[in-house]
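S.K.: missing the sequence, but the structure's below:
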């Protein structure tokens, strides 16, 4: 079992509420999303592992068991080309759960007409593998869900 932490503070919401069908329909895997607080902050690694993909707006951390978790900071944020984001780690880095990976500004994302909602996805996991979903307000670094 893998405990997946909330990468950002905000309100835990179901993936079905994400305004992007790839996430909303669970096409990349099950998980949750966070409607983030609007203050500038840092997105934390949801698990201990290695950063295998790192873009300003999204990253994937894979643990020692080969489980990968995707954190996507906002929807359609790839179009920002890194504006409003600052990398705090590098691809290939080993990170601990709760370690800052990207600094970002959700209010800037929203001001540009994009949703700042953050999907957190258990990549390639079967639908029932994610349990213990958080509800309501979550702090960055608190438990978001369990991957069984």
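M.R.: Perfect, I can see it now. None of the values given here were measured: they were computed from a predicted structure. Numbering: from 1, shown residues only.
S.K.: longest single helix anywhere in the chain?
M.R.: Using DSSP state H, we find that the single longest helix of the chain is helix 106-111.
S.K.: Buried residues, that one. List them.
M.R.: For helix 106-111, a neighbour-count test (16 or more other CB atoms under 10 Å) marks 106, 108, 109 as buried. Where you see a C-beta, it was placed from the backbone N, CA and C, and this is true even at glycine.
S.K.: hmm, who's touching it?
M.R.: The contact list for helix 106-111, computed with CB atoms under 8 Å, 6 or more residues apart in numbering, reads 8, 36-41, 73-74, 77, 80, 83-84, 115-116.
S.K.: what's the helix or strand just after it packed up against?
M.R.: Per DSSP states H and E, helix 106-111 leads on to strand 118-122 as the next helix or strand towards the C-terminus. Applying 3 or more CB pairs under 8 Å, 6 or more residues apart in numbering; DSSP states H and E, one finds that strand 118-122 makes contact with strand 2-5, strand 31-36, strand 68-72, strand 143-147.
S.K.: Pretty sure residue 141 is one of the things residue 44 touches, is it not?
M.R.: Yes - using CB atoms under 8 Å, residue 44 is in contact with residue 141, at 5.6 Å.
S.K.: list residues touching both of these two?
M.R.: By CB under 8 Å, 6+ apart, the residues touching both residue 44 and residue 141 are 5, 6, 97, 98.
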